[in-house]
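> Got a predicted structure plus its sequence, pasted below:
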Amino acid sequence: MTRVGVRGLKDHLSAYLKRAGDGERIVVTDRGEPLAVLTPIEESDEARWGWNLVRERVASWSGGKPRGSARAAVLKGGKTTAEMVLEDRR
């Protein structure tokens, strides 16, 4: 596992982030004492599936928060999701 001081991390942040993204674990130290660990993000199966849809251009994402659909979802029974949630809360 690679060790890097806070100053070295600041000076070469992009390089260390790339290494972490490639799967390397990096221990960040402050005056020689371990402070934090940079690790790659472990994606869930759902996230991997979603990113595959974006890569295949089946879906798109601009980086912002998802907006609601123009049409409300209607489930079995002809009720909207909101109506079903309110009914379930009673």
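Alright, I've got the coordinates.
> Buried residues in the longest helix seen in the chain, which are they?
Across the chain, the longest stretch assigned as helix under DSSP state H is helix 45-55. Buried residues in helix 45-55, counting neighbours by 16 or more other CB atoms under 10 Å, are absent. Quick note: C-beta positions are derived from backbone N, CA and C, even for glycine.
> contact partners of that helix?
Defining contact as CB atoms under 8 Å, 6 or more residues apart in numbering, one finds that helix 45-55 is touched by E43, A59, S60, W61.
> chain center to that helix, what's the gap?
11 Å (CA atoms, centre = their mean, to the nearest Å).
> could you point out which element follows it?
helix 81-89 (DSSP states H and E).
> Export that next one to CSV, keeping only CA atoms.
Listed next in CSV are the C-alpha coordinates belonging to helix 81-89 (Å, rounded to 0.1, in the frame of the first residue of the first chain):
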residue,chain,number,x,y,z
THR,A,81,-47.5,6.1,-6.9
ALA,A,82,-48.4,9.0,-4.7
GLU,A,83,-51.9,7.8,-4.1
MET,A,84,-50.6,4.3,-3.2
VAL,A,85,-48.1,5.8,-0.7
LEU,A,86,-50.8,7.9,0.9
GLU,A,87,-53.1,4.9,1.1
ASP,A,88,-50.4,2.8,2.7
ARG,A,89,-49.8,5.4,5.4
